[in-house]
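Q: here's a sequence, model it:
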Amino acid sequence: MSLLSFFYYFQRGEILLYGDAVAHINIARRVLDSQTPGLLQLGTVWLPLPHLLMIPLLFSDWMWRSGVGGSIPSMIAYVLGVVGIFRFTRGLLEDDGCKRAVARAGAGLAAVVYGANPNLIYLQTTAMTEVLYLALFIWAVVFFAEFLVEESRGPSVRLTGSETRSHTLYRCALCVAGAELTRYDGWFLAVVVGATVVWMLVRRWSDRAFRRVAVKFLVGIVAAPMFWLGYNGAVYGNPLEFANGPYSAKAIEQRTASPGYPAHPGAGSVVTAGSYFLKSAELNMAEGNWGRIWIVVALAGLVLVRIKLRSRGAVLLLWVPIVFYALSIAYGGVPLFLPAWWPYTWYNLRYGLQLLPLFAVSAALVVSALSARSAPEGASEKGRPASSRKRWPDTKLQMLAVGAVVVVAGLNYFSVWRAQPLCFKEAWVNSRTKLALESSVAQTVTTLPRNSQYLMYLGDHVGVFQQAGVPLRRVINEGNHRPWKKPSDSEGLWERALADPARHVDFVIAYDGDAVDQAVEKSSLTLVTEIHILGQPRARIYAARSGLNQSR
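A: Numbering: from 1, shown residues only. Below you'll find the predicted structure:
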């Protein structure tokens, strides 16, 4: 599934539709390919793990230009996520007393609901970070659930299995730390998981073995955000640069908001923000209002979890994204636009995929409950007496229930494929004019002399040089300076090139209103061409040196 979908979108040239996907690939590439290469090119707002995973692949010019180097980590994460959903659900059902074959069938159902989602299938062909985060999130929940099951056993069993318990919790810490270095969702996840472990630690402080394991776990999940805060403090002079700096979501919102209007739907209202997030989750599952079925399934699963499972705490973690995104949209400057609700456009709809694990697992739990019948008092399973009335799965009934859910999911997903996955449409709607502009500029760049040096602000249109195949080390950009020098680095390459382009580059590319357009003295430049695409800022290419041969 992963490879087939990748080849489908790749041959259609659609794995680089997301502007953020292009940006992620080029952030990683700049670590290797820049006038000032190194880890400082990782920047501040986006967390570093996705870029670090891409770097080894982006040594290849072809993988950089084609975008394949950004797709491979996502495809691997997709497979790991499917496997994680299967393992987690199987463990839940076995914990509920289901036979192994029945538990595997339910786990297979959850894996299908998760892995066959059209929006997830498209995203895993791109360099977007959601699929990687979901894999880390799922495996963190897997290991935490297994840890809770171990803890729910008697003291003697806990004592003999202490090594397994510690290894399970350490693996959970590793996955949580990875999630924290992938998306800020992971920071909220760490708070919830960490608070749970602290609560357990307080209750069992006298247990030295548990105390040692818990403290190491807490240190592990705290280390990742502390590293990022320290990096921002050392490089930018502000530990919270990613949250309140000029490139943060808050700052972007303040620059783009219209006076007298809400910055975005849900700003300042947790309830409205939460409803937008839930609607995006529905739309990622089915067209129209059919996605509400999955909200009902999730609520039913919540009831079953509350009644039955020893590892219920881990299952409840699947609900954490609702709280995180409601708060982020309301107070964090994070917009989410839906085509069905005001302002009737497309932006960040992919966030709703964070509830896909919840929907998949809940479907399996509901099927398991619907396909069970009571066993008579005194009956046994594999020779074990049932001291009370137990739920025994009826295999035929379960297969019928599984088939019903597969049909519902299949119809929902078919409706999504027929109308095009929302994540694909979001990427296409928001990039079509931008890609047209970048393609036109890139085509012009390919006609200029080989080995030319360029000055351009890369923040909005880095895809130009990726398309043209021009190494980024031949482009002086906003990343070529020392960010800890405030308010600007007068000796930085970027600042010196802006002040005197002819001394440093052959051509200057400026877009209306960007840093180059505002800073460069154009009277000393020769206009080569001007490119205008409706809905995009006008691009101008200047020759920085007189008499320069302006064609290959």
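
Q: the strands in the stretch 401-550 of the chain, which residues?
A: Using DSSP state E, counting those that start in this stretch, the strands of the stretch 401-550 of the chain run over 454-455, 475-476, 507-511, 526-531, 539-543.

Q: right, so of those strands, which gets closest to Ala103?
A: strand 475-476 (54.9 Å; C-beta to C-beta). C-beta coordinates here come from the backbone N, C-alpha and C atoms, glycine included.

Q: thinking again about what came up before, mind checking the strands of the stretch 401-550 of the chain for the one nearest to Phe147?
A: The nearest among these, by C-beta to C-beta, is strand 475-476 at 48.5 Å.

Q: and that closest one, which strands flank it?
A: strand 454-455 (parallel) (DSSP bridges).

Q: now the strand it pairs with: how far from the chain's centre is it?
A: On the basis of C-alpha atoms, centre = their mean, to the nearest Å, strand 454-455 sits 32 Å off its chain's mean C-alpha point.

Q: any chance you could list what contacts that strand?
A: 445, 465, 470, 474-477, 497-498, 501, 504-509, 516, 520, 544 (C-beta atoms under 8 Å, 6 or more residues apart in numbering).

Q: about what we covered before: quick one: the strands of the stretch 401-550 of the chain as TSV, columns for mean neighbour count and distance to Met63 too.
A: Below are the strands of the stretch 401-550 of the chain laid out as TSV (neighbours: other C-beta atoms under 10 Å; distance: least, C-beta to C-beta, whole Å):
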stretch	mean neighbour count	distance to Met63
strand 454-455	26	22
strand 475-476	26	19
strand 507-511	24	25
strand 526-531	15	28
strand 539-543	22	27
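
Q: now the ones you listed as TSV including mean pLDDT and distance to Ala251?
A: Shown next, in TSV, are the strands of the stretch 401-550 of the chain (pLDDT from 0 to 100; distance: least, C-beta to C-beta, whole Å):
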stretch	mean pLDDT	distance to Ala251
strand 454-455	98	24
strand 475-476	98	24
strand 507-511	98	19
strand 526-531	96	28
strand 539-543	97	24
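
Q: out of these, which is closest to Arg350?
A: Of all those, strand 507-511 sits nearest to Arg350, with 26.5 Å by C-beta to C-beta.

Q: ok, that closest one: who's next to it in the sheet?
A: strand 454-455 (parallel), strand 539-543 (antiparallel).

Q: quick one: that strand to strand 526-531, angle?
A: 40 degrees (axes from the mean of the first three to the mean of the last three C-alpha atoms, to 10 degrees).

Q: pLDDT below threshold where in the stretch 351-500 of the chain?
A: For the stretch 351-500 of the chain, applying pLDDT under 70 flags the ranges 371-398.

Q: would you map the helices across it?
A: Counting by DSSP state H, counting those that start in this stretch, the stretch 351-500 of the chain has helices at residues 356-370, 395-419, 422-445, 463-468, 493-499.

Q: with the stretch 201-350 of the chain instead?
A: 208-236, 241-244, 249-256, 270-285, 292-308, 312-316, 320-331.

Q: between these, which gets nearest to Val367?
A: Of all these, helix 292-308 sits nearest to Val367, with 9.6 Å by C-beta to C-beta.

Q: now the closest one: average pLDDT?
A: What helix 292-308 shows for mean pLDDT is 86.

Q: repeat that for stretch 72-85.
A: Per-residue pLDDT over stretch 72-85 has a mean of 99.

Q: could we number from 653 for the rest of this?
A: Sure, I'll start numbering at 653, so the last one becomes stretch 724-737.

Q: list the contacts of that stretch.
A: Against stretch 724-737 from outside (C-beta under 8 Å, 6+ apart): 654-655, 658, 702, 705-706, 709, 759, 762-763, 766-767, 772-773, 775-780, 783-784, 786-788, 790-791, 793-794, 1009, 1012-1013.

Q: roughly how far is that stretch from the heart of the chain?
A: Using C-alpha atoms, centre = their mean, the offset of stretch 724-737 from its chain centre is 13 Å.

Q: now do stretch 947-959
A: For stretch 947-959, the distance to the chain centre is 25 Å (C-alpha atoms, centre = their mean).

Q: got the buried residues for that stretch?
A: Buried residues in stretch 947-959, defined by neighbour count with 16 or more other C-beta atoms under 10 Å: Ile947, Val949, Ala950, Ala952, Gly953, Leu954, Leu956, Val957.

Q: list just the nearest of these to Ala825.
A: Using C-beta to C-beta, the buried residues of stretch 947-959 come closest to Ala825 at Val957, 23.5 Å.

Q: list the contacts for the closest one?
A: Here Val957 is in contact with Arg964, Val967, Leu968, Leu1017 (C-beta under 8 Å, 6+ apart).

Q: distance to Val975 added to the strands of the stretch 1053-1202 of the chain, as JSON lines?
A: Listed next are these as JSON lines, based on distance: least, C-beta to C-beta, whole Å:
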{"stretch": "strand 1106-1107", "distance to Val975": "45"}
{"stretch": "strand 1127-1128", "distance to Val975": "42"}
{"stretch": "strand 1159-1163", "distance to Val975": "39"}
{"stretch": "strand 1178-1183", "distance to Val975": "45"}
{"stretch": "strand 1191-1195", "distance to Val975": "42"}
